[in-house]
Every structure is written in C-alpha cells, then in structure tokens.
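Q: Sequence first, then the predicted structure:
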Amino acid sequence: MYREISIITSCYKWEKYIKSFLHNLEQQTILDSIELVLVHNDPSDFEMKIVESFKKKHPWLINHIIVPREPISVSMNRAIKNAQWIYIFNRDIDDIRTNNSIELQYTTLKKYDYVYLTYGDFVIIKDFEAREGQYLTSPEFEKTEFVRSMHCGPFRAWKKEIHEKVGYFDEQLRSGADYDLMIRIAYNYPMKKTHGLLGYYLNANTGLSTGQAKLVSLQQKELLLINKRYNVLDKIDLFISASEYKIYDIKEDGEFLPVKTFVPHYHVHHYTLSDMIKSLIFSVKYGLLRIIKFIYLKIK
C-alpha cells in the first residue's frame, strides 16, 4: 500500500467529538493514502474504547500515541515528528472536513512542486456537525499579506521537509502557535490556495482561541506577541501586555531559539513616532471592540 499523507491531531477530553472525527476520516476519498497520527492526552476509558474499535477496522491507518496531559503545541510537534510520510495535514478533532478535501489539497501539492503549503475556503459553524454558517473565502497567496495576517485557515497541508528550515510550533504558545508557524512558512516558502470547500470550522466560543468572557483573552495576548515578533506594528495593542512570553524567541523541545534562526534577514524593528500613532489608533479601536465582546459574552 502506497501512502504519502500524514494527518496530525491532538486531543484531550474530546469524548463528544472523537467518534465523529474518526467516522469523518473514514469518508475521505483517498483513505488508502492516509495515516492518522493521533496524540491522545490522558484518554478516558470511553475514548480508548472508540479508538481501539477503529484500529480493529483499520489496523494500518492509525498511529495512536498516548501521553499525559501536555500543551497542545507540544503534542502537535510530537505528531509531526512521528509522522512517516511526505505531506502533513493539520486537523482539529472538532472540525469536519469535506469528503474530498484531503484529495483536493494532495492534488495541489503534487501538481505544483514549487508549493510547500496549501489552504482553502471553509465554513464557520456554531454547532458541532452543522453544515450552515459563515462561508470564508481565502485569498490567493501574497507573501506581503501572509506574513502579517492569518489567511491559511484551519485546513492546511504542507510538506514535512519545511520543518528543517522553519522549525516547529512554538511550545510557549497555546492559542497562536498555528498562526506563528504559518508566518514563518510564508517568509520561507510559496503557498497556494486549493479551490473548493475544504471543511467546517467549529467556533462555539468555548475553545482556547475563540474567546472566553475575559477582558484580555489568551488569544489576544498571543496575537500581541506575534505582531510584535514579526513587526506588524500597526496592529500592536498598547493596552495589553505579553510580558510572560519570550517574544523574540521560539521554544522547541524546552529550549529557546531566536526567531532569526527560522526567518532570513529577521530584525527587531524599533518604534518610530508614526508607528506609535498607528498603534494608538489601533489600540483605541480594538480596545472598544474588546470591551463590547466582553460585555456580550458576560450577558450571553
């Protein structure tokens, strides 16, 4: 059996989703070309029973790695390093892929040899397994935009070899690690959009990155870190602090490495008066939106 695709995912206390996740995997049009690398944090007996039943049906399909609870970025790095094949497909366990999405992205990567990462359109849903929601149309790749904004969405696929140059997920980040890695990839390699709907992204305001009722969320702190790290100075929120992070270093395997290890010609930009004015305007506007969201989530 010839396989080239490794799907990586991590889960912790996902009893609600794991059965549907594995069923969705079975529906993929090129199932025989896939391995699933599942890093399972402290699994319950119910979760283990579901996975073991799946393994009996597809013994060749799943690499099931059981670990104590650990940060999600650590688990995702573990999954990448245990992946056997050429192409890495990122998959969150509570999202749903269309049945042909893996084949569509695989075709893009095979057809365009110069492309190292592909992404595409998706629908934001508020209820698990819903099929109606907000359709997000991803833009075509432009390096100048992709190094300063998250345009890759939740359904991404890339060549495993890129990690030799761009490193892995920053293990000090819990919410923004995927965005940070996508920026490093965009600095180093061309990307290409895969056309066609790739899946359904669950945003029920319950996860790490989608916002609890806090005035300053984890997501907002890590977004500030990333904007400072990559000199996106017009998106610096002056009312938020990220002092608990090492902003200009990336954590891998418990060690900190400077960003310039992974991004050519990297430098830390120092504020000018113009930058300060842009940041102040952004901070006031974004601060008001943050307060409105906080009040809304409290009332809700």
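A: Structure's in. What do you need?
Q: could you give the mean pLDDT of stretch 75-91?
A: For stretch 75-91, mean pLDDT rounds to 97.
Q: Pull out the buried positions in that stretch.
A: Using 16 or more other CB atoms under 10 Å as the test for burial, stretch 75-91 gives 75-80, 83, 85, 87-91. Quick note: C-beta positions are derived from backbone N, CA and C, even for glycine.
Q: Run through the strands of the stretch 1-150 of the chain in chain order.
A: 5-12, 34-41, 62-67, 87-90, 96-97, 117-125, 134-136 (DSSP state E, counting those that start in this stretch).
Q: let me fix that: the stretch 201-300 of the chain
A: For the stretch 201-300 of the chain, applying DSSP E, counting those that start in this stretch gives strands covering 249-252, 255-258.
Q: Packed most tightly, which of those would that be?
A: strand 249-252 (a mean of 21; mean count of other CB atoms under 10 Å).
Q: Show residues contacting that one.
A: Outside strand 249-252, the residues within contact range by CB atoms under 8 Å, 6 or more residues apart in numbering are 77, 167-168, 170-172, 180, 256-259, 261-262.
Q: can you rerun that using 7 Å?
A: The contact list for strand 249-252, computed with CB atoms under 7 Å, 6 or more residues apart in numbering, reads 167, 168, 170, 171, 172, 256, 257, 258, 259, 262.
Q: Can I get those residues in JSON lines including distance to residue 193 and pLDDT?
A: Output for the contacts of strand 249-252, formatted as JSON lines (distance: CB to CB, whole Å; pLDDT from 0 to 100):
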{"residue": "167", "distance to residue 193": "24", "pLDDT": "98"}
{"residue": "168", "distance to residue 193": "24", "pLDDT": "98"}
{"residue": "170", "distance to residue 193": "25", "pLDDT": "98"}
{"residue": "171", "distance to residue 193": "29", "pLDDT": "98"}
{"residue": "172", "distance to residue 193": "30", "pLDDT": "97"}
{"residue": "256", "distance to residue 193": "34", "pLDDT": "97"}
{"residue": "257", "distance to residue 193": "30", "pLDDT": "97"}
{"residue": "258", "distance to residue 193": "31", "pLDDT": "96"}
{"residue": "259", "distance to residue 193": "26", "pLDDT": "97"}
{"residue": "262", "distance to residue 193": "24", "pLDDT": "97"}
